[in-house]
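Colleague: Take a look and give me a structure for this.
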Amino acid sequence: MKAYIFSMILGLVSLPVSADVMQSVADLQHDWAKVNYTLTGDAQEKAFESLIEKANSVVKQYPEAAESHIWRGIIESSYAGAKGGLGALSLAKAAKADLEEAMKINDTALDGSAYTSLGTLYAKVPGWPIGFGDDDKAEMMLKKALTINPTGIDSNYFYAQYLIDNNQYKEAETYLLKAQQAPARPSRPLADKGRQQEIEKALQQVRYKLGNEQHAGITH
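Modeller: As a prediction, this is how the structure comes out:
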């Protein structure tokens with residue numbers, strides 16, 4: 001599990017929720033961006049652990065808010081990515097439970113980000129008997145996220161990552177370009193900057209693969 005795979009970032013709220021909930025969620029978003037994009041190694045892992053405790057408090061205060069469960073799930077997923085290996089599996093399972101709970105409450109909250117997050121988990125976590133990974137479920141959820149939020153930076157980026165993992169480089173390039181052109185989020189400059197850097201890196205990877213495929217076609 002790589003950190004950037006589990007790094008998740010969310011957009012605007014799709015349904016009305018209380019200002020108090022959204023302020024708490026905004027605080028989690030801000031802290032997550034700092035931890036995910038400015039820290040590495042042990043410092044990052046310790047910061048994610050502390051951030052989970054903060055998210056626990058938000059969920060305890062707002063248990064009926066899908067947004068609080070989504071963000072705790074995202075933080076758990078990101079911590080799993082930073083931790084890596086089989087030791088991350090319990091965090092991934094906790095994230096799955098939070099995202100499923102969010103879907104029960106309101107599956108379109110935060111522009112359907114629970115689908116993006118859970119779809120990515122299904123794509124990256126090992127399958128049975130080790131974990132719950134499932135490529136078919138991953139594709140279904142990532143496509144559902146795109147249906148809800150077709151122009152979002154995350155919905156396009158993470159579907160592109162799924163396509164890259166399945167060697168569908170040309171189609172992945174299309175979705176990466178859509179992600180690159182996604183509307184900026186004025187209140188999330190650090191998150192947008194970090195995601196755009198990941199998009200650029202993925203585009204370079206995809207174009208390298210496409211160039212090799214084209215060269216192989218010419219030489220055969």
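
Colleague: the bottom helix or strand of the protein by mean pLDDT?
Modeller: In the chain, no helix or strand scores lower on mean pLDDT, DSSP states H and E than helix 3-6, which sits at a mean of 44.

Colleague: need the next SSE after that helix, C-terminal direction.
Modeller: Next helix or strand after helix 3-6 toward the C-terminus (DSSP states H and E): helix 19-38.

Colleague: any low-confidence regions in this protein?
Modeller: Low-confidence segments of the chain, defined by pLDDT under 70: 1-17, 215, 217-220.

Colleague: try 90 this time
Modeller: 1-18, 85-87, 187, 212-220 (pLDDT under 90).

Colleague: And residue 77, which helix or strand is it part of?
Modeller: Take DSSP H and E as the rule and residue 77 turns out to sit in helix 66-83.

Colleague: By residue count, what's the longest helix in this protein?
Modeller: helix 189-219 (DSSP state H).

Colleague: Counting neighbours, which bits of it end up buried?
Modeller: Residues 190-192, 194-196, 198-199, 202-203, 206, 209 are the ones in helix 189-219 that count as buried (16 or more other C-beta atoms under 10 Å). To be clear about C-beta, it is placed using only N, CA and C from the backbone, and glycine gets the same treatment.

Colleague: and which of those residues is nearest residue 64?
Modeller: residue 191 (25.9 Å; C-beta to C-beta).

Colleague: And stretch 51-62, how far out from the chain middle?
Modeller: 19 Å (C-alpha atoms, centre = their mean, to the nearest Å).

Colleague: swap in stretch 174-193?
Modeller: With C-alpha atoms, centre = their mean, you get 13 Å for stretch 174-193.

Colleague: between the helix holding residue 77 and helix 19-38, how big is the angle?
Modeller: Here helix 66-83 runs at an angle of 10 degrees relative to helix 19-38 (axes from the mean of the first three to the mean of the last three C-alpha atoms, to 10 degrees).

Colleague: on contacts alone, who are the packing partners of helix 66-83?
Modeller: helix 3-6, helix 19-38, helix 41-61, helix 89-106, helix 109-124 (3 or more C-beta pairs under 8 Å, 6 or more residues apart in numbering; DSSP states H and E).

Colleague: deepest of these, which one?
Modeller: Greatest average neighbour count among those goes to helix 109-124 (a mean of 27), per mean count of other C-beta atoms under 10 Å.
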